[in-house]
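>>> The following block contains a protein sequence and its predicted model.
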Amino acid sequence: MSRTLRIRLRAEIDIEEIMNWIVDRDERAALRFQKNVRETIDRVARFPFLSAELITRKRRQFRITAVKRYRRFVIVYTLTDDEIQIMRVVRGLRNLEQLLDE
């Protein structure tokens, strides 16, 4: 089944903020991060059920997957019958449940 892939504005902002943080230290690393985020999103689009499920206290359901080669960062997305929505790209050490229930 083919699903439409949407990247939410908040996720785009997350990616930009992370890249700005990385570029201050290593410009090439920032470009590698961006490339690996895109590759991970492509993998999510092809295999959306391979990621771990997260159900928050407010009963919201998400899936999370680590960014390729940048395992400290995760992509958070929702999945319906016809759509994949990339909601956030964040550091995995954050309290994801609290972040997503906001």
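Yes, it's here.

>>> Checking Ala45 next. Helix, strand or coil?
helix (DSSP: H, G, I helix; E, B strand; the rest coil).

>>> what bridges to the nearest residue to it once chain neighbours are set aside?
If the residues on either side of it in the chain are set aside, Ala45 comes closest to Leu5, at 4.9 Å by C-beta to C-beta, 6 or more residues apart in numbering. Backbone N, C-alpha and C define where each C-beta goes, glycine included. With DSSP bridges applied, the residues forming beta bridges to Leu5 are Ile84.

>>> Just list whatever residues bridge to the residue sitting nearest the centre point of the chain.
With distances taken as C-alpha atoms, centre = their mean, the residue of the chain nearest its centroid is Ile75 (1.6 Å). Assessed by DSSP bridges, Ile75 has beta-bridge partners Thr65, Val89.

>>> how near is it to Ile55?
Distance of Ile75 to Ile55, computed by C-beta to C-beta, to the nearest Å: 17 Å.

>>> Same check on Tyr77?
14 Å.

>>> Compare the two (neighbour count), which wins?
Tyr77 (26 against 10; other C-beta atoms under 10 Å).

>>> Let me see the contact set for Phe62.
Glu53, Leu54, Ile55, Thr56, Val76, Tyr77, Thr78, Met87, Leu96, Leu100 (C-beta atoms under 8 Å, 6 or more residues apart in numbering).
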